[in-house]
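Asker: Take a look and give me a structure for this.
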Amino acid sequence: MALNIVVEAVMIMPSIGEKIREARLQRGLTQGDLAEDLVTPSMISQIEADKAKPSYPLLTAIANRLGLPVEHFLNELQDQFTLTTYLRLAEYYLLLKQPEMAESTLRSVDPPLPPGLDYQEYHLYLARACRMLNRSYEAIMLLEDLREQALRHQDRKLLFSVCKESGYVEFAIDNADGAMHEWKKALHIGETLWAEGEWGSVEAQAELSEVCTCLHQLYTQMRDTSNALKMATRAAELTKGFGRVRDIANALVSDGVRALEAGDSARAKLALERAISVIHTTQWIEQALVAWAMQPTADKETDPWEQAAMATTTMDPAIHLQAELHHIARHLEQGDAVGALEQVRRCKDFMASCESEIPGFSSWQNGLRHRLEVKAARAHFALGQVSEGMRIFQDTKEALMQEGLHKFAAYVVAQWVQCEMESGQMSKGLELTQELQKLLVQANNRT
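Answerer: Okay, here's the model as predicted:
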């Protein structure tokens, strides 16, 4: 009974936004009146709807204009700052591909109540963690709740995030049509938001490029080369200005200046803080490289440019390795099997260093190692070194079976079948086809 009373009290406790709206209406002020010389009326609208949180200086200014002490809001604001800190920590773990830590962080605080930005972020991060932990059903349930919220409140940014994440879930459960539907919808929503100026340029370009890359992968698997090329071209256009850290920082500053000119100081502050953070991070890496090079015991054979590249690619090795796989495929398409094998060797060295330095990184589990081994086997077949190619296929298949990754093992055998058929070994190809069918049954039974 006592617990129910506490829950009911929490449910009816007004949020910061509701308190501001109530005080504003009691004083006969419009959102424009309250926003004057502080922020835009749109920002006041977002704060009152709990879609944005005011900073402490802004809340103080709003409280002064309403003739209320800032303490009227402070306790709740402190609670929200605590929750926001946990959300940022969960986001950090997700970016580092540590979903267990992200989920543990989220479960350690009380889930925020709808509506509002905290509610959206909490459940979106939890859905992402569940998806990364292969708990697809839980992820789908969380995302469908957020989709309902987005449609009810006509929140297109939230709907974009839901569609993008839902695409990853559908892709993970081998529903290519579902993934295609979600990602194409996300791309349309994102392009619209960017065109209407609802998104900062850098954030929009990064998000849209990610979706285009996902669609490229999907079209490639479907052997739709025309649309795959369109998505690759679009992704390249979107990230054209992201080649150097300085370019990213400058783009963020431009976003901040535009937001400042539009009177959106909160958005301007966020963009400028990100730009400064990017510059500071780069300076720290550069200083570390200088300090390393100054040491008498420094390995003079190590290329400082390679050290600089490692400093960034090890943040998310999968992205770097995806790019390398595309380069290796291009070598094979151009008949340069030797160049492909050299790049495979470099990638294996890179993966070995990642597995020793990055907690939880597994080149088998993340689906990269077997694709690299397939490229190596194909290169050996192209060079006429069939026995070596067969050995790589066999060893890779067995390693994947030991890891319990039957779906990946089926992919390897399918590629092996193709190589045998292309080299005229029909009997071996037919023998492997029977093995492939068994693996597909096992993979489906484990899904």
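
Asker: make it CA atoms for all contacts and neighbour counts henceforth
Answerer: OK.

Asker: Pull the contacting residues for the residue nearest the centre of the chain.
Answerer: Geometric centre of the chain, nearest residue: residue 95, 6.7 Å, by CA atoms, centre = their mean. By CA atoms under 8 Å, 6 or more residues apart in numbering, the contact list for residue 95 reads residue 316.

Asker: That one and residue 187, how far apart?
Answerer: Applying CA to CA, to the nearest Å, the value for residue 95 to residue 187 is 21 Å.

Asker: before we move on, what about residue 323?
Answerer: For residue 323, the distance to residue 187 - CA to CA - is 21 Å.

Asker: out of those two, which sits in the more crowded spot?
Answerer: Between residue 323 and residue 187, counted using other CA atoms under 10 Å, residue 187 has the larger neighbour count: 21 against 10.

Asker: you'd agree the more buried one is up against residue 210?
Answerer: No. Using CA atoms under 8 Å, residue 187 is not in contact with residue 210; the gap is 9.6 Å.

Asker: related to what we said a few turns ago, state the distance from the residue nearest to the centre of the chain to residue 89.
Answerer: Taking CA to CA, one finds residue 95 at 10 Å from residue 89.

Asker: lowest-confidence helix or strand of this protein?
Answerer: helix 2-12 (a mean of 38; mean pLDDT, DSSP states H and E).

Asker: How about residue 338: what's its closest non-neighbour residue?
Answerer: Spatial nearest neighbour of residue 338, excluding adjacent residues (CA to CA, 6 or more residues apart in numbering): residue 379 at 7.3 Å.

Asker: give me the element that neighbour is part of.
Answerer: Residue 379 is part of helix 369-382 when elements are defined by DSSP states H and E.

Asker: Tell me where the model's unsure across the protein.
Answerer: Across the chain, residues meeting the criterion (pLDDT under 70) sit at 1-14, 71, 74-81, 297-315, 359-360, 363-366, 446-447.

Asker: helices and strands around the lengthiest helix in it, which ones?
Answerer: Assignment by DSSP state H gives helix 265-294 as the longest helix of the chain. With contacts taken as 3 or more CA pairs under 8 Å, 6 or more residues apart in numbering; DSSP states H and E, helix 265-294 sits against helix 245-261, helix 304-313.

Asker: how about a cut-off of 6 Å?
Answerer: helix 245-261 (3 or more CA pairs under 6 Å, 6 or more residues apart in numbering; DSSP states H and E).

Asker: What residues sit buried inside the helix it packs on?
Answerer: The neighbour-count check on helix 245-261 (16 or more other CA atoms under 10 Å) flags 248-260 as buried.

Asker: now the closest residue in space to residue 278 that isn't next to it in sequence: how far from residue 282?
Answerer: What sits nearest to residue 278 in space, not counting adjacent residues and going by CA to CA, 6+ apart, is residue 249, at 6.3 Å. To residue 282, residue 249 is 10 Å away according to CA to CA.

Asker: So for stretch 167-175, what gets flagged as buried?
Answerer: Buried, per 16+ other CA under 10 Å, within stretch 167-175: 167-171.

Asker: JSON lines for those, including distance to residue 275?
Answerer: Formatted as JSON lines, the buried residues of stretch 167-175 follow (distance: CA to CA, whole Å):
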{"residue": "167", "distance to residue 275": "30"}
{"residue": "168", "distance to residue 275": "29"}
{"residue": "169", "distance to residue 275": "32"}
{"residue": "170", "distance to residue 275": "34"}
{"residue": "171", "distance to residue 275": "33"}
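
Asker: Turn the residues you listed into CSV, including distance to residue 411 and secondary structure.
Answerer: As requested, the buried residues of stretch 167-175 are exported to CSV (distance: CA to CA, whole Å; DSSP: H, G, I helix; E, B strand; the rest coil):
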residue, distance to residue 411, secondary structure
167, 21, helix
168, 19, helix
169, 20, helix
170, 19, helix
171, 15, helix
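
Asker: from those residues, which is closest to residue 294?
Answerer: residue 168 (45.1 Å; CA to CA).

Asker: Not counting its own residues, what contacts the helix or strand that contains residue 342?
Answerer: Using DSSP H and E, the element containing residue 342 is helix 337-357. Helix 337-357 is contacted from outside by 328, 331, 361, 376, 379, using CA atoms under 6 Å, 6 or more residues apart in numbering.

Asker: same check, this time on stretch 254-268
Answerer: 39-40, 200, 271-272.

Asker: Most widely separated two among these?
Answerer: Using CA to CA, the contacts of stretch 254-268 span at most 18.2 Å, a distance reached by 40 and 272.

Asker: How many residues are close by residue 423?
Answerer: Burial of residue 423 is recorded as 13 neighbouring residues (other CA under 10 Å).

Asker: Name the nearest residue to it, sequence neighbours excluded.
Answerer: residue 381 (8.0 Å).

Asker: count of neighbours near that neighbour?
Answerer: For residue 381, using other CA under 10 Å, the count is 21.

Asker: Over to residue 185?
Answerer: Neighbour count of residue 185, defined by other CA under 10 Å: 17.

Asker: Quick check: it vs residue 141, distance?
Answerer: Taking CA to CA, one finds residue 185 at 19 Å from residue 141.

Asker: Check residue 245 too.
Answerer: 38 Å.

Asker: can you check residue 51 too?
Answerer: Distance from residue 51 to residue 141, by CA to CA: 22 Å.

Asker: and what of residue 340?
Answerer: 43 Å.

Asker: more neighbours, the two?
Answerer: Using other CA under 10 Å as the criterion, residue 340 and residue 141 rank with residue 340 on top: 25 against 12.

Asker: how about the nearest residue to residue 210, chain neighbours excluded?
Answerer: That would be residue 235: by CA to CA, 6+ apart, it lies 7.5 Å from residue 210.

Asker: doesn't residue 207 make contact with that neighbour?
Answerer: No. Counting by CA atoms under 6 Å, residue 235 sits too far from residue 207 to count as a contact (10.0 Å).

Asker: Pick out whichever of the two has more residues nearby.
Answerer: A count of neighbours by other CA under 10 Å puts residue 235 above the other of residue 235 and residue 207, at 22 against 18.

Asker: tell me which element that one falls in.
Answerer: helix 225-238.

Asker: And residue 430, by the same measure?
Answerer: Using DSSP H and E, the element containing residue 430 is helix 426-446.

Asker: just checking, what packs against that helix?
Answerer: So helix 426-446, by 3+ CA pairs under 6 Å, 6+ apart, packs with helix 406-422.

Asker: Show residues contacting the helix it packs on.
Answerer: With CA under 6 Å, 6+ apart as the test, helix 406-422 has contacts from 397, 400, 429, 436, 439, 443.

Asker: residue contacts, the last one?
Answerer: Residues near residue 443 by CA under 6 Å, 6+ apart: 406-407.

Asker: try the third one
Answerer: Neighbour list for residue 429: 417, 420-421 [criterion: CA under 6 Å, 6+ apart].

Asker: Buried only: go through those residues for me.
Answerer: The buried subset of the contacts of residue 429 - by 16+ other CA under 10 Å - is 417, 420.
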